[in-house]
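1. can you look at this prediction? I've put the sequence above it.
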Amino acid sequence: MILVATMGVAWGQDAVFRASSEDGVLRATIDVVVEREAASLWPPLSGTGAQHAWVPYMKTASVTRVEANAIVCDGLTNLPWPFRDRTWSVRMTTRAGGSGSPYVASWEYVPGSGTLDDTSGSWALEPLSGGRTRVKLTAMADLGKPVPGPLLRWAERKALPQMVDALLEQAGRTP
């Protein structure tokens, strides 16, 4: 089942929030243009381990170690019924953009590190003219069972838009 919601919001274009679930794998995407410079949105995405401060439903996140080209973050995500909360460790890599190049923060699940079967994804910030930025999220999480339609609609209408709002709010707090 794939559900698509398009919302007209004050971000400069229609925002697309999409959630789907097949065979227990949740897939989510965000594609929206915001009236904010990419550089100002980058600090919350760049691997500080403080995602729980702005990602709705994430209870904790912290950097547990720094590797040569990545950081490892542990966390706990609060999921709605019928799912239990999930723990995870992810290996996160970042590439700061600038001069028209996108900023990218990617993550991959550390196998066997938590109560997810798998997760991966990325945030990409594409600088646009006039101080605007295209914000894209592509994420996958294997929860072990399909996500019911009402929860997919909740994700599209509430959770994913809240992530963009929270990112903008958190970026506004960053010096």
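-> Done, it's in.
2. for this protein, longest helix please?
-> helix 160-173 (DSSP state H).
3. give me the below-cutoff pLDDT ranges for the chain.
-> Counting by pLDDT under 70, the chain contains low-confidence residues at 1-13, 49, 98, 173-175.
4. show me where it has helices.
-> Under DSSP H, the chain gives helices at 38-45, 149-154, 160-173.
5. nearest to residue 80, out of these?
-> helix 149-154 (6.1 Å; CB to CB). Just so you know, the C-beta spots here come from the backbone N, C-alpha and C atoms, and that holds for glycine as well.
6. can you pull up the most central residue in the chain?
-> Nearest residue to the geometric centre of the chain (CA atoms, centre = their mean): residue 137, 5.6 Å.
7. didn't it look like it was pressed against residue 121?
-> Yes - assessed by CB atoms under 8 Å, residue 137 is found in contact with residue 121 at 6.8 Å.
8. if we can go back for a sec, show me what the longest helix of the chain is packed against.
-> Helix 160-173 sits against strand 14-22, strand 25-34, helix 38-45, strand 133-142, with contacts defined as 3 or more CB pairs under 8 Å, 6 or more residues apart in numbering; DSSP states H and E.
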